[in-house]
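Engineer: any chance you can model this:
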Amino acid sequence: MKDDDLRFLRLWDLYSPLLTKTQREITDLYFNYDLSLGEIAEQKGVSRQSVSDCLGKSRKQLEEYDQKLGFIKALDELSMEYSAYMTTVKRWIESCKEQVPNLSSELQKLEESLSNVHKEFGVEEIALDEGEIVGKVFRKE
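Structural biologist: This next block holds a predicted model:
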């Protein structure tokens, strides 16, 4: 999948409720169900050009919504802050385990709680280097 398509899917996840019903259906069929322009046109009873025009117009609208509302940038910044905080906490836990061994069981409970927070908020842990994590938010179905 191209970078443009990935960006479009992020925009679609955030702003698709602002599109018309027809735009949502066509963009959903194209990007989420991987149907071709011809397949969508046949299913909807319209021309391939109409489907192409709808996709282009939808993409433009979603870009305009994000320019005005800025949710993608805000989510990216929040994700980076979250990752930095979680990395700091994980390093602190490891340091405490070494320095204060009698707290090991309590620190283990803290680690389990953090793991549950990840799961509850739909965050996937991705380990980059030892002691460093990056929070990756994904959409729950």
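Engineer: do you know how far L6 is from D13?
Structural biologist: 11 Å (C-beta to C-beta, to the nearest Å). Backbone N, C-alpha and C define where each C-beta goes, glycine included.
Engineer: look at the two and report which has more neighbours.
Structural biologist: Looking at L6 and D13 with other C-beta atoms under 10 Å, you find the greater number of neighbours at D13, namely 14 against 11.
Engineer: tell me the predicted confidence for the more buried one.
Structural biologist: On the pLDDT scale, D13 is placed at 90.
Engineer: buried residues of the helix or strand hosting it, list them for me.
Structural biologist: Using DSSP states H and E, D13 sits in helix 3-15. For helix 3-15, the neighbour count (16 or more other C-beta atoms under 10 Å) marks F8, L9, R10, L11, W12, L14, Y15 as buried.
Engineer: wait, L19 sits on Q61?
Structural biologist: Yes. Using C-beta atoms under 8 Å, L19 is in contact with Q61, at 6.6 Å.
Engineer: neighbour count: the two, which is higher?
Structural biologist: Remark: of L19 and Q61, L19 carries more neighbours, 20 against 16, as counted by other C-beta under 10 Å.
Engineer: skip the chain neighbours and tell me the closest residue to that one.
Structural biologist: S58 (5.8 Å; C-beta to C-beta, 6 or more residues apart in numbering).
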